[in-house]
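Enquirer: here's a sequence, model it:
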Amino acid sequence: MTGTFSVLIPVYNAAGFVERAVESVVAQRLPATEILVIDDCSTDTTCAVVEELARRHPAIRLLRTERNGGPAAARNAGIAQAAGDWIAILDADDAYAPDRLDAVANALAHDPAIDIVADDLLYYDAAARRVTGRAMGPGVASAGVITVSDYLAHNLADGQGLDWGLLKPVIRREILIRSGIRYPADQRHGEDFTFMVRLLLHGARLQILDSAHYLYTQREGAISRRASGMTRTTIAYDALARSALDLAGDPAVDGAPDLAALLRRRAEGLRRLDDAHFFSQAVRRGAVGALAARALRHPSFVPRMGWQVARAMRRRVLQWRAARAGTVPLPSDRQGMSPS
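Expert: This next block holds a predicted model:
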């Protein structure tokens, strides 16, 4: 017997989609012992929706934070109330495939020493209501235990693959009690990454399944090309970079220059993404002054801006050639300058 599962779902103004998340847990082949929905001071009818669901499903319990503290604080509130042997995380705009807890339990039965289990993501197009594929794909995740170096090496923000910080863990509650490690309540961006790194530094054993059972809602659907309409945290690459540098200076990393170097590489990758995002938004708004001001404040932005221009022009040339060949329509100026 692998133990019991508590599923934590932090919510904030999720009235339009929280039912999908909760019902996906109710529908599990291996039932969860409890479903803790932690409301982070919603201003819509989220609590009323959850209360109605709780009347139908006794495993659901609604918790409320005293003040809005973000997903980290909400998850910590859920951890404090959880009774299961294992704590499974679910975001309110995502869902579980019906076999997710069953797949995790099977993995735990094969290796009882594992402390954390994660699986690949299934990308979900909310507008099309369809799964569009796996995030990592077969064979990417290791079948063995993931070290902290492995984990950091897959979180470099270098565009070479999915950052493992996006994976949603199932965690042995005992290790949280024993270590006292919780989500960093002072972070609203990248709290999952920091939390996982601290657990791995503490000695937690992580396994990533070579299968996908978590439906991750895309900001923009791969099929519909439409926004999901569900809440997603604002992109804050600069804040993520700062949190990586803070971890590099953590006493637990002191004396491990290889780990500190990986964290600095992550920070640099996030800075590049921040520059690319800023460039993209400024070009779309025609904000030439904003580009100049950023270049003055951050000289490293200049070569990155040049790379973005070259990339956009290369795409424009390819689109023009395709248009001449009669395969696609010639793009407008705005489309051609978009780096995203």
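Enquirer: endpoints of stretch 85-100, how far apart?
Expert: 16 Å (C-alpha to C-alpha, to the nearest Å).
Enquirer: now it: buried residues?
Expert: For stretch 85-100, a neighbour-count test (16 or more other C-beta atoms under 10 Å) marks 85-97, 100 as buried. The C-beta positions use only the backbone N, C-alpha and C, and glycine is treated the same way.
Enquirer: any idea which of the residues you listed is closest to residue 215?
Expert: residue 95 (4.3 Å; C-beta to C-beta).
Enquirer: the closest one - nearest residue in space that isn't next to it in sequence?
Expert: residue 24 (3.8 Å; C-beta to C-beta, 6 or more residues apart in numbering).
Enquirer: hmm, that neighbour is touching residue 213, no?
Expert: No: using C-beta atoms under 8 Å, residue 24 and residue 213 do not qualify as a contacting pair, with a distance of 10.4 Å.
Enquirer: helices along this structure, start to end?
Expert: Here the chain has its helices, by DSSP state H, at 18-26, 46-56, 70-81, 100-110, 148-153, 173-179, 191-202, 237-248, 257-285, 288-297, 301-324, 333-337.
Enquirer: surely residue 93 touches residue 21?
Expert: Yes: assessed by C-beta under 8 Å, residue 93 is found in contact with residue 21 at 7.2 Å.
Enquirer: give me the common contacts of those two.
Expert: Here residue 93 and residue 21 have residue 14 as joint contacts, going by C-beta atoms under 8 Å, 6 or more residues apart in numbering.
Enquirer: returning to that earlier point: which of the helices of the chain sits closest to residue 36?
Expert: Of those, nearest to residue 36 by C-beta to C-beta is helix 70-81, at 4.7 Å.
Enquirer: which other residues reach stretch 74-87?
Expert: Stretch 74-87 is contacted by residues 2-6, 8, 10-12, 32-34, 36, 38-40, 61, 63, 65, 89, 104, 108, 170-174, 176, 182-183, 185 when judged by C-beta under 8 Å, 6+ apart.
Enquirer: swap in 7 Å and give it another go.
Expert: Contacts to stretch 74-87, defined as C-beta atoms under 7 Å, 6 or more residues apart in numbering, come from residues 3-6, 8, 10, 33-34, 36, 38, 40, 63, 65, 89, 170-173, 176, 182-183, 185.
Enquirer: so how far does that stretch reach from one end to the other?
Expert: Length of stretch 74-87, first residue to last, C-alpha to C-alpha: 14 Å.
Enquirer: what's the answer for stretch 145-159, then?
Expert: Start-to-end span of stretch 145-159 (C-alpha to C-alpha) is 24 Å.
Enquirer: in that stretch, which residues are buried?
Expert: Residues 145, 146, 148, 150, 151, 152, 154, 155, 156, 157 are the ones in stretch 145-159 that count as buried (16+ other C-beta under 10 Å).
Enquirer: give me the distance between the fourth one and residue 158.
Expert: With distances taken as C-beta to C-beta, to the nearest Å, residue 150 is found 15 Å from residue 158.
Enquirer: how about residue 195?
Expert: Residue 195 sits 22 Å away from residue 158, going by C-beta to C-beta.
Enquirer: now do the contacts for residue 218.
Expert: Contacts of residue 218 by C-beta under 7 Å, 6+ apart are 123, 124, 125, 228.
Enquirer: 10 Å - rerun?
Expert: 121, 123-128, 132, 135, 224, 226-228, 230, 232 (C-beta atoms under 10 Å, 6 or more residues apart in numbering).
Enquirer: also residue 151?
Expert: 164, 165, 167, 193, 196, 197, 199, 200, 206, 208, 259, 262.
Enquirer: center of the chain - which residue?
Expert: Central residue of the chain (C-alpha atoms, centre = their mean): residue 166, 3.0 Å from the mean position.
Enquirer: how far does stretch 90-99 sit from the chain's center?
Expert: Put simply, stretch 90-99 sits 13 Å off its chain's centre (C-alpha atoms, centre = their mean, to the nearest Å).
Enquirer: ends of it, what's the gap?
Expert: Separation of the first and last residues of stretch 90-99 by C-alpha to C-alpha is 14 Å.
Enquirer: begin at 346, not 1, for the rest of this chat.
Expert: That works, and once the first residue is 346, the last one we named lands at stretch 435-444.
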